[in-house]
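Enquirer: predicted structure and sequence below. I'll ask about it afterward.
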Amino acid sequence: MAPTVRVRFAPAPTGLLHIGNARTALFNYVFAKRERGRFILRIEDTDAERSSEAFVQAILEDLRWLGIEWDEGPDGKGSYGPYRQSQRISLYRQFGEQLLQEGKAYKCFCSRERLEALRKEQLSQGLMPRYDGKCRLLTRKEISEKESEGVPFVLRFPVGRGTVLFEDLIHGKMSFELSGIGDFIIIRSYGIADYNFACVIDDHLMEITHVIRGDDHLSNTPRQILLYRAFGWEPPQFAHHPLILGPDRTPLSKRHGATAVAHYRQEGFLPEALLNYLFLLGWTPPSKEEFFTIEKLREEFSLSSLSRNAPIHSRQKLEWLNSHYIRKMNENRLLTLLTPSLEKAGIKVDQCEKKYLLEVISLLKENITVLSQVEEYLGIFFDEKFAIEEEAKKILKHPENQKILQEIYAILKESPKKGEGSWASLLLKVEERTGHKGKSLYAPLRAGITGKMKGPELAKILPLLGQERVMKRLKIALEGEDP
């Protein structure tokens, strides 16, 4: 019987969750669910200076927002913990001592100055920088003398010669020559395990069967396989997916704009849209559909179908997906999501008629691509936010446009209160009396009653505003006063 699939996502809490890392988490999560396995969340927080609990909590919150729930993790779930590396330091030292006693690791007393000089010398000769193995040749006496003098040391793993071969589930057969690696550190001078060493110990003890991560970790894999062999352990299967690139084909970073999940959340992207987008980067569903849920992904996703080519980030594509999900969303849910933005803008939601709010939301969801854009349109529907923009003021100052607005105002003044179905007939009457149609009529009308040059359809705005408010705003536009 095959072992239960166990995968892990292991972020370092030194910053906010990057969308590239979120994509890795999603691949692991969906793969685990497809295989009826376990998804483990491990926090790699051994970098005490840069790690913070605030970043840990932000990562957990962003994962939950995306719909990712872990089966085991730092919140107490699971029996393979602790799930924070900072709480596993004694384990790493124990296994480091084991390798040292077995002659599979050695103490290196080289100073930073020597190592830096060695690196510069190798680079000047066109060589790949790597440790030259000096301390591997120390005698017991020399080691004892340095220890008695209190010279700090690290533990290094002797690489040897040969080739490391492994089958990557995305890239296929991989081969690394050990001559280009050099003896690497496993325990640093202050007793903290290096990334590769801690990673191998944790993955083995947590019985991880598949390591799914970005291909920036490909160069770490031969080192980790060597450590597995040194302990006599079976390594997991590896799958390295390409990283997301910016439009300039360099790794996606802050210079390309927002890169953290939290930034997209704050801007008003929906979790289902971001999830959908991240999966479409480098993967095409067998069904060829562009919109899907996690449940659908469980049926169709496979590691072998991931592209080996690095995907290019497209904010335009993400916005298009987000606008689709906004338009399809139930107005009640959308109102709940928008309420914080409305209240921040000074709209007293609890004092507004819910029916009116839902009608406003129904109109706006056709015009916004992210939730934060709702603030741009609040002045159309709420008098306390109404203002005439500079571009609209220019339109309103034109003499011919003033005549059009005067005619509309006169027609409204002589007309009974308009019902919802009678606004269309009113507009036809305006066309007949003014001789204007299309943009020449509707541009000044929109500018006068909304203060803007763009927004939802006028035919849908007018019934919501009502005749009294429309006339009030037209009067403001005609008098040229600020509201």
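Expert: Good, I have the coordinates.
Enquirer: now do the helices in the stretch 151-300 of the chain.
Expert: Applying DSSP state H, counting those that start in this stretch to the stretch 151-300 of the chain gives helices spanning 195-205, 221-231, 261-267, 271-280, 294-300.
Enquirer: for the second one, packing partners?
Expert: With contacts defined as 3 or more CB pairs under 8 Å, 6 or more residues apart in numbering; DSSP states H and E, helix 221-231 has these neighbours: helix 89-101, strand 154-157, strand 163-168, strand 172-177, helix 195-205. For every residue, glycine as well, the C-beta is placed using N, CA and C.
Enquirer: what does the last one give?
Expert: Where contact means 3+ CB pairs under 8 Å, 6+ apart, helix 294-300 is packed against helix 19-34.
Enquirer: pLDDT below threshold where in this protein?
Expert: Low-confidence regions of the chain, defined by pLDDT under 70, span residues 1-2, 416-421, 481-483.
Enquirer: domain-wise, how is it divided?
Expert: What the record gives for the chain is the domain set 88-241, 329-385, 386-479, from automatic domain parsing.
Enquirer: what's the closest of these to Ser287?
Expert: Ser287 sits nearest to domain 88-241 of all those, at 20.6 Å, using CB to CB.
Enquirer: want to throw the helices of the stretch 151-300 of the chain into CSV with mean neighbour count and distance to Ile143?
Expert: Supplementary listing: those in CSV, determined by neighbours: other CB atoms under 10 Å; distance: least, CB to CB, whole Å:
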stretch, mean neighbour count, distance to Ile143
helix 195-205, 21, 21
helix 221-231, 19, 20
helix 261-267, 18, 48
helix 271-280, 22, 50
helix 294-300, 16, 54
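Enquirer: what lies in contact with the helix ranked longest in the chain?
Expert: Ranked by number of residues, the top helix in the chain under DSSP state H is helix 458-479. Helix 458-479 is contacted by residues 356, 359-360, 363, 380-381, 383, 386, 388, 396, 402, 405-406, 408-409, 412-413, 415, 417-418, 420, 423-424, 427, 442, 445-451, 455, 483 when judged by CB atoms under 8 Å, 6 or more residues apart in numbering.
Enquirer: are any of those residues buried, and which?
Expert: Buried by 16 or more other CB atoms under 10 Å: 359-360, 363, 380-381, 386, 388, 396, 402, 405, 408-409, 412, 418, 423, 427, 442, 445-451, 455, out of the contacts of helix 458-479.
Enquirer: gap between Asp168 and His210?
Expert: Distance of Asp168 to His210, computed by CB to CB, to the nearest Å: 11 Å.
Enquirer: list residues touching both of those two?
Expert: Contacts common to Asp168 and His210, judged by CB under 8 Å, 6+ apart, are 238-239.
Enquirer: about what we covered before: got the CA coordinates for the longest helix of the chain in PDB?
Expert: Extracted C-alpha coordinates of helix 458-479, given in PDB (Å, rounded to 0.1, in the frame of the first residue of the first chain):
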ATOM      1  CA  LEU A 458     -27.500  57.100 -17.300                       C
ATOM      2  CA  ALA A 459     -30.800  55.300 -18.000                       C
ATOM      3  CA  LYS A 460     -30.100  53.200 -14.900                       C
ATOM      4  CA  ILE A 461     -28.700  56.100 -12.700                       C
ATOM      5  CA  LEU A 462     -31.700  58.400 -13.200                       C
ATOM      6  CA  PRO A 463     -34.400  56.200 -11.600                       C
ATOM      7  CA  LEU A 464     -32.100  55.700  -8.600                       C
ATOM      8  CA  LEU A 465     -31.400  59.400  -8.100                       C
ATOM      9  CA  GLY A 466     -35.000  60.400  -8.500                       C
ATOM     10  CA  GLN A 467     -36.400  63.600 -10.100                       C
ATOM     11  CA  GLU A 468     -35.900  65.900  -7.100                       C
ATOM     12  CA  ARG A 469     -32.200  65.100  -6.800                       C
ATOM     13  CA  VAL A 470     -31.600  65.300 -10.600                       C
ATOM     14  CA  MET A 471     -33.200  68.800 -10.700                       C
ATOM     15  CA  LYS A 472     -31.100  69.900  -7.700                       C
ATOM     16  CA  ARG A 473     -27.900  68.800  -9.300                       C
ATOM     17  CA  LEU A 474     -28.900  70.400 -12.600                       C
ATOM     18  CA  LYS A 475     -29.500  73.600 -10.800                       C
ATOM     19  CA  ILE A 476     -26.000  73.400  -9.300                       C
ATOM     20  CA  ALA A 477     -24.500  72.800 -12.700                       C
ATOM     21  CA  LEU A 478     -26.400  75.700 -14.300                       C
ATOM     22  CA  GLU A 479     -25.500  78.100 -11.500                       C
END
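Enquirer: which parts of that helix are buried?
Expert: 458, 461-465, 467, 470-474, 476-477.
Enquirer: could you do stretch 278-289 as well?
Expert: 278-283, 285.
Enquirer: before we move on, what about stretch 108-125?
Expert: Buried, per 16+ other CB under 10 Å, within stretch 108-125: 108-110, 118.
Enquirer: any chance of those in a markdown table, with secondary structure too?
Expert: Putting those into a markdown table (DSSP: H, G, I helix; E, B strand; the rest coil) gives the following:
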| residue | secondary structure |
| --- | --- |
| Cys108 | strand |
| Phe109 | coil |
| Cys110 | coil |
| Leu118 | helix |
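Enquirer: greatest separation within those: which pair is it?
Expert: Using CB to CB, these span at most 13.9 Å, a distance reached by Phe109 and Leu118.
Enquirer: contacts only, for Leu99.
Expert: Taking CB under 8 Å, 6+ apart as the test, what Leu99 contacts is 105, 155, 157, 186, 230-231.
Enquirer: nearest to Gly268, of those residues?
Expert: Nearest to Gly268 among those is Ile186, at 45.4 Å by CB to CB.
Enquirer: test my guess that that closest one contacts Asn196.
Expert: Yes. Counting by CB atoms under 8 Å, Ile186 touches Asn196, with 7.3 Å between them.
Enquirer: and stretch 72-87, how far apart are its ends?
Expert: Using CA to CA, to the nearest Å, the end-to-end distance of stretch 72-87 comes to 16 Å.
Enquirer: tell me which of the buried ones among the contacts of helix 458-479 fall in helices.
Expert: The helices, defined by DSSP H, take in 359-360, 363, 380-381, 396, 402, 405, 408-409, 412, 423, 427, 442, 445-450 from the buried ones among the contacts of helix 458-479.
Enquirer: got the buried residues for stretch 151-158?
Expert: For stretch 151-158, by 16+ other CB under 10 Å, it's 153-158.
Enquirer: the nearest residue to His263 once chain neighbours are set aside: neighbouring residues, count only.
Expert: Distance criterion CB to CB, 6 or more residues apart in numbering; nearest residue to His263, sequence neighbours excluded, is Leu16 at 7.5 Å. Leu16 is flanked by 17 other residues according to other CB atoms under 10 Å.
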